[in-house]
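Q: Got a predicted structure here, sequence first:
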Amino acid sequence: MTASSQTEEEGYSLISILDELTEMLDHARAMPMSASVLVNKAEALDLLDAARAVVPEEIHAADDIVADADAVLERASERAEQIVADAAAEAERLVAAERIVALAEERARQVVADAKAQAAKLAADANDYCDRQLAQFEIDLGAITTQVRAGREAIAARAGRAPAADE
């Protein structure tokens, strides 16, 4: 069986073909007084043909791996951009919500301050009203006391007796 038919049947890789070529050279018969060896030309050419046949397949496989890696990298990059965009949107939403909360808290403080001021004014107005009413009652009671005293004195004068000392 030749190396090229083995390539098709066994799925040789470039590395395995080169390993076989290396083994062939390592086990080849040495020429006396030389670094040269005797190699079967047909077997060596078959291995080189097999290597040439495998190289385009491995280049295609490497290209496919690189393309897949590029696609994975592109998808990862798009996903990262989406995550960053989502995080920015969430941060913006949180900041906006925080601003809304801060504005609401400020408005609530203003409403409470206004309510306290209005309550203080109402309390002062109520105290003034009560004081005026009590002053009027005091005047009315003074007038009534004067009338009661005069009435009693008139009754005492008709009865011919002196007015009572408890007054």
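A: Everything's here; your move. Residues are numbered from 1 along each chain as shown.

Q: helix or strand for Glu98, which one?
A: Using DSSP states H and E, Glu98 maps to helix 41-159.

Q: and that helix, how far from the chain's centre?
A: When distances are taken as C-alpha atoms, centre = their mean, to the nearest Å, helix 41-159 is centred 15 Å away from the chain's centroid.

Q: pLDDT weak spots in this protein?
A: Along the chain, segments meeting pLDDT under 70 span 1-12, 162-167.

Q: who's sitting farthest from the centroid in it?
A: Relative to the centre of the chain, the most outlying C-alpha is that of Gly160, 100.8 Å out, by C-alpha atoms, centre = their mean.

Q: Kindly provide the distance from Asp114 to Tyr129.
A: For Asp114, the distance to Tyr129 equals 22 Å [C-beta to C-beta, to the nearest Å]. (Glycine included, C-beta is placed from N, CA and C.)

Q: And for Ala61?
A: 99 Å.

Q: Name all residues that make contact with the nearest residue to Ala28 once chain neighbours are set aside.
A: In space, and not counting its chain neighbours, Ala28 is closest to Val37: 3.7 Å by C-beta to C-beta, 6 or more residues apart in numbering. Residues near Val37 by C-beta atoms under 8 Å, 6 or more residues apart in numbering: 25, 28-31.

Q: now the residue nearest the centre of the chain: how far from Arg107?
A: The centroid of the chain falls nearest to Glu90 when counting by C-alpha atoms, centre = their mean (4.9 Å). Per C-beta to C-beta, Glu90 is found 25 Å from Arg107.

Q: Check Ser34 too.
A: Ser34 is 101 Å from Arg107, by C-beta to C-beta.

Q: So for the two, which residue has more residues nearby?
A: Set Ser34 next to Arg107 and count neighbours by other C-beta atoms under 10 Å: Arg107 wins out with 10 against 7.

Q: What distance do you get for the more buried one to Ala113?
A: Relative to Ala113, Arg107 is positioned 11 Å away (C-beta to C-beta).

Q: what's the burial count for Met24?
A: 15.

Q: who's in contact with it?
A: 39-40, 43-44, 47.

Q: Same check on Ala120?
A: By C-beta under 8 Å, 6+ apart, the contact set of Ala120 is empty.

Q: Asp114 versus that one, what's the distance?
A: Taken as C-beta to C-beta, the span from Ala120 to Asp114 is 11 Å.

Q: same deal with Ser36?
A: Distance of Ser36 to Asp114, computed by C-beta to C-beta: 108 Å.

Q: for Glu98, same thing?
A: Using C-beta to C-beta, Glu98 is found at 24 Å from Asp114.
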